[in-house]
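**Student:** Provided below are the primary sequence and the corresponding predicted coordinates.
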Amino acid sequence: MPVPNLAADLDLLVDAAREAGAIALRYFKRDPQIWDKGDGAGPVTEADLAVNTMLEGRLRRARPDYGWLSEETPDSTDRLSAKRCFIIDPIDGTRAFIEGQDSFAHSLAIAEGDKIIAAAVFLPAKNRMYSAHAASSAQMNGQPIRASAQAGVVGASVLTSKPNMQAHHWPGGVPDVARAFRPSLAYRLCLVAEGRFDAMLAFRPTWEWDIAAGALIATRAGAVVSDGMGAELRFNASDPRTPGVIVASVGLHAELIARRG
C-alpha cells in the first residue's frame, strides 16, 4: 500500500479533530458522566470515551496499516512495528472540560519512526485549529503563526505550573520570568507556537499523547522543542513518556537549558 503524503495525512487529522470537537461540545457543560481511572491517572468522562471511539474507528479505517497510541485505548506493542503511528489524546485538559473551561483540546499526531510528521490541535470551544506537517508552516485557522523572538529570560513569559519553578530544578539559578498556566499541555505548546507566550516548561514525565502534536506545531513555528534537559524528543517509544518538555524561542531555550545545569 502506498504511503499517503503529508498533506493528505494532515487533512485527515484536521477533519477528524473537527468531528471530535462536535462530539465533545455535545457533552460540554452538560454534566457528563465521570470516572476516576485510578493510580493517579485522573478523571475520564463519557465525552473522552466517545471521542476516542470515533477517532479510533475513523482514523484506523482510513489508515489501517498505521499503529495506534491513545490515552484512552489499552496500549499494544503492535504499534512499534508500524511505519507510521497515530498518537492521540481525545481530550487534553479533561479536568478543564469537566469544570466548564473552554481551554480543553483534541491532540492528534502521526509519527513516522520516532518523528512527528503531521499534527492537529483543536480547541472546539474557542474554534481554534492549530496544524502543521513536517514540510509546512504552522498555522492557526489557516493563517501562518510564528514563535516569539524572545532572546533571554529577562522579560520572558512562560507557561508552567508553580512547582516547576522551585530552586531544585534550576542549579544555574531560577529564571525570573512572568509565569502563567493553562490546563492543556497541547494548548500550551500551541500558544508558544503562536507567539502569545515565549516558552512552556514541564519537568515531570510527560505522556507522548499530550505533546506530540503540539511539539511539531511549535517546531514548524520556529520554536526549539526538547525534553526537560535539552535532548531531542523521540516519539512512539515502548514507554510512551518523555522526561519533561521545554519549548521556547531559540535564545530563551538556550538560557533555560543552561540554568537547568
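**Tutor:** Sure thing, it's come through.
**Student:** which residues does Arg241 contact?
**Tutor:** Pro205, Thr206, Trp207, Glu208 (C-beta atoms under 8 Å, 6 or more residues apart in numbering). C-beta: built from backbone N, CA, C; applies to glycine.
**Student:** just the buried members of the residues you listed?
**Tutor:** Thr206, Trp207, Glu208 (16 or more other C-beta atoms under 10 Å).
**Student:** In strands, which of these appear?
**Tutor:** Thr206, Trp207 (DSSP state E).
**Student:** domains in the chain, as residue ranges please.
**Tutor:** Following automatic domain parsing, one gets these domains for the chain: 6-144, 157-260.
**Student:** After the worst-scoring helix or strand of the chain on mean pLDDT, which helix or strand is next?
**Tutor:** When each helix and strand of the chain is scored by mean pLDDT, DSSP states H and E, strand 34-36 comes last, with a mean of 93. Sequence order places strand 43-45 as the next helix or strand after strand 34-36, per DSSP states H and E.
**Student:** what distance separates the helix or strand just after that following strand from the middle of the whole chain?
**Tutor:** For strand 43-45, the succeeding helix or strand toward the C-terminus, using DSSP H and E, is helix 46-62. How far helix 46-62 lies from its chain's middle: 18 Å, per C-alpha atoms, centre = their mean, to the nearest Å.
**Student:** Against which helices or strands is helix 46-62 packed?
**Tutor:** helix 6-27, strand 67-70, strand 84-92, strand 105-112 (3 or more C-beta pairs under 8 Å, 6 or more residues apart in numbering; DSSP states H and E).
**Student:** mind putting those in CSV, mean neighbour count and mean pLDDT included?
**Tutor:** Formatted as CSV, the helices and strands packed on helix 46-62 follow (neighbours: other C-beta atoms under 10 Å; pLDDT from 0 to 100):
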stretch, mean neighbour count, mean pLDDT
helix 6-27, 19, 98
strand 67-70, 21, 98
strand 84-92, 28, 98
strand 105-112, 30, 98
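**Student:** Output those in TSV; the columns should cover distance to Leu59.
**Tutor:** Below are the helices and strands packed on helix 46-62 laid out as TSV (distance: least, C-beta to C-beta, whole Å):
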stretch	distance to Leu59
helix 6-27	6
strand 67-70	8
strand 84-92	5
strand 105-112	8
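**Student:** And these: which comes nearest Trp170?
**Tutor:** Closest to Trp170 of the helices and strands packed on helix 46-62, according to C-beta to C-beta: strand 84-92, at 26.7 Å.
**Student:** Identify the neighbouring strands of that closest one in the sheet and state each direction.
**Tutor:** Partners of strand 84-92 in the sheet, by DSSP bridges, are strand 67-70 (parallel), strand 105-112 (antiparallel).
**Student:** Make CSV from those and add distance to Gly251 to it.
**Tutor:** CSV is the format used below for those (distance: least, C-beta to C-beta, whole Å):
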stretch, distance to Gly251
strand 67-70, 33
strand 105-112, 27
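**Student:** Out of those strands, which gets nearest to Asn5?
**Tutor:** Going by C-beta to C-beta, the one of the strands paired with strand 84-92 nearest Asn5 is strand 105-112, 11.7 Å.
**Student:** What is the subsequent helix or strand relative to the closest one?
**Tutor:** With elements assigned by DSSP H and E, the helix or strand that comes after strand 105-112 is strand 115-123.
**Student:** Spell out which strands sit alongside that next one in the sheet and which way each one runs.
**Tutor:** Sheet pairing here is set by DSSP bridges, and for strand 115-123 it gives strand 105-112 (antiparallel), strand 128-133 (antiparallel).
**Student:** Give me the nearest residue to Gln150, chain neighbours excluded.
**Tutor:** With sequence-adjacent residues excluded and distances taken as C-beta to C-beta, 6 or more residues apart in numbering, Gln150 is closest to Asp198, at 4.0 Å.
**Student:** List the contacts of stretch 16-29.
**Tutor:** Stretch 16-29 is contacted from outside by 45-47, 50-51, 54-55, 58-59, 90-91, 97, 100, 104, 106, 108, 120-125, 129, using C-beta under 8 Å, 6+ apart.
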